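**Student:** Provide a 3D model corresponding to the input given below.
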Amino acid sequence: GTTDAIFQAYTLICKKLEDVDGSKTKDRSSDRKDELTLCLVIPASQCGSLIGKGGSKIKEIREVTGASVQVASDPLPGSTERSVTVTGSRDAVTQCVYHICCVMLESPAKGTIVQYQPGRGGLSGRAMMGGRGDGR
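**Tutor:** Down below sits the predicted model:
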């Protein structure tokens, strides 16, 4: 979709996550209850553009949005994609996703993209999410 459509979709998703997570975090400290974590899957060929020369682009995105952004150094199992973890307030995460989309539009993916599929490539989706992954 367009950047604006993606931006609106992520705004709604983050709002829903915040609403659902908010009911679970009433007993936690007020510092973390408003924080969301979103894991994106991005073609590895676009991660260099997202990071920028010497980390300049990712630093700019962090400073402008106030979100924490972590780009995995290795591709996800059996794919040519890497995970990008965005953490912050709903607004910070939403703005960060918008900036990431802009970078991706400016620098389209190169080469063949092998999409990540949990359970393929040696790791199950449960293991990837921190679960036991042994079917129990």
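
**Student:** longest helix of this protein?
**Tutor:** The longest helix of the chain (DSSP state H) is helix 3-24.

**Student:** which parts of that one are buried?
**Tutor:** For helix 3-24, a neighbour-count test (16 or more other Cβ atoms under 10 Å) marks 6-7, 10-11, 13-14, 18 as buried. (Glycine included, C-beta is placed from N, CA and C.)

**Student:** can you pull the pLDDT of the nearest residue to G111 once chain neighbours are set aside?
**Tutor:** Nearest residue to G111, sequence neighbours excluded (Cβ to Cβ, 6 or more residues apart in numbering): S45, at 5.8 Å. According to the prediction, S45 has pLDDT 95.

**Student:** need the contact list for L38.
**Tutor:** Shown in contact with L38 (Cβ atoms under 8 Å, 6 or more residues apart in numbering): 10, 13-14, 17, 85-87, 93, 97.

**Student:** Quick check on it: phi, psi?
**Tutor:** The phi/psi pair for L38 (degrees, to the nearest 10) reads phi -130, psi 130.

**Student:** Please report the distance of it from C96.
**Tutor:** In this view, L38 and C96 are 8 Å apart by Cβ to Cβ, to the nearest Å.

**Student:** in this protein, what spans have low per-residue confidence?
**Tutor:** 18, 21-33, 120-136 (pLDDT under 70).

**Student:** who does the one helix or strand Q70 maps to touch, helix- and strand-wise?
**Tutor:** Assigned by DSSP states H and E, Q70 belongs to strand 68-71. When contacts are defined as 3 or more Cβ pairs under 8 Å, 6 or more residues apart in numbering; DSSP states H and E, strand 68-71 packs onto helix 44-51, helix 56-65, strand 81-88.
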